[in-house]
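Predicted model follows, preceded by the sequence.
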Amino acid sequence: MTEALSQVADRARRRLMPSKSYKPTKWDLRFMRIADMEVAQWSKDQSSKVGAVIVKDRRIISTGYNGLPRGCDDDVPERHERPEKYEWFIHAEPNCIINAAREGVSTLGADMYLNWYPCHICAGYIKQAGIRRLFVDQEPEWEHHKWGKGFIRAKTILEEEKDGQHKVEVVYMNYDAHRQGIIQDKTSQSIPNEKS
Ligand SMILES: [Zn+2]
């Protein structure tokens, strides 16, 4: 990592750390489990299983996972191969937002639970949909050699508020997500105790 990039990452880390430590409630854990252990598992993506759940007043108003648009054949092997798959798959976050939109359900002021840290494109969608708080599984690796810059860009998009509003609060749940599928089951040890 270059010096300049490292400084950006340091600054971003300081700026982006939650100001107060947030202790997830049992409801947060419930919704994250649904996103991670149910919705994400419906994805046919063999490498990344991402699930999103939008919640208002403790009620799930939409779900989404990474997959092909409705009606498109997701059993065509070539559509699963990199880089071709990037042209076919819709990410979980926009799927979740669009699923609400097609039913006429407002996402304004809602929370999203996501078992993944969003890419910068999805960060823009989340913000534009009026999501107020984004619960993610864990803080990403800001200095990751390949994804670090993108993580920082996503965070900047989520948190910037030139107008003094429209900030998306990001909550890191320290939840050990199972993005590869729950077949590699370590659920019993990795899910934080609700009572703790
Ligand atoms: Zn994305």
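All right, it came through fine.

ok now the helix or strand in which Phe151 is found, how far from the chain's centre?
When secondary structure is defined by DSSP states H and E, Phe151 falls within helix 148-159. Here helix 148-159 is found 13 Å from its chain centre; the criterion is C-alpha atoms, centre = their mean, to the nearest Å.

wait, does it contact the ion?
No - using C-beta under 5 Å from the ion, helix 148-159 stays clear of the ion, coming no nearer than 8.5 Å. For every residue, glycine as well, the C-beta is placed using N, CA and C.

tell me which strands and helices that helix is in contact with?
helix 3-16, helix 120-128, strand 169-172 (3 or more C-beta pairs under 8 Å, 6 or more residues apart in numbering; DSSP states H and E).

which of these has the lowest average pLDDT?
The stretch with the lowest mean pLDDT among the helices and strands packed on helix 148-159 is helix 3-16, which comes in at a mean of 55.

Please, which helix or strand holds the residue nearest to Ile98 when sequence neighbours are not counted?
For Ile98, the nearest residue in space outside its immediate sequence neighbours is Gly64; the separation is 7.4 Å by C-beta to C-beta, 6 or more residues apart in numbering. For Gly64, the element it lies in under DSSP H and E is strand 59-65.

what packs against the helix or strand following that strand?
Using DSSP H and E, the helix or strand that follows strand 59-65 in sequence is helix 92-102. Other elements packing on helix 92-102 under the criterion 3+ C-beta pairs under 8 Å, 6+ apart are strand 51-56, strand 59-65, strand 111-114, helix 120-128.

how about the shortest one, does it reach the ion?
No - when contact is scored as C-beta under 5 Å from the ion, no part of strand 111-114 falls within range of the ion; the minimum is 9.7 Å.

Packing partners of that strand?
Using 3+ C-beta pairs under 8 Å, 6+ apart, strand 111-114 is in contact with helix 26-33, strand 51-56, helix 92-102, strand 133-136.

Return the set of buried residues in the longest one.
Counting neighbours by 16 or more other C-beta atoms under 10 Å, one finds that the buried residues in helix 92-102 are Ala92, Glu93, Pro94, Asn95, Cys96, Ile97, Ile98, Asn99, Ala100.

taking the helices and strands packed on helix 92-102 together, which one is wrapped up most tightly?
Mean neighbour counts were taken over the helices and strands packed on helix 92-102 using mean count of other C-beta atoms under 10 Å, and the top value, a mean of 28, falls to strand 111-114.

For it, which strands pair with it and how are they oriented?
Strands that pair with strand 111-114, judged by DSSP bridges, come out as strand 51-56 (antiparallel), strand 133-136 (parallel).

between those, which one is nearest to Glu78?
Glu78 lies closest to strand 51-56 among the strands paired with strand 111-114, at 24.8 Å (C-beta to C-beta).

for the ion, what are the nearby residues on the protein?
Counting by C-beta under 5 Å from the ion, the residues of the chain near the ion are His91, Cys119, Cys122.

so what's the spatially most central residue of the chain scoring on pLDDT?
Per C-alpha atoms, centre = their mean, the C-alpha nearest to the average position across the chain is that of Leu114, at 3.5 Å. Listed pLDDT for Leu114 reads 97.
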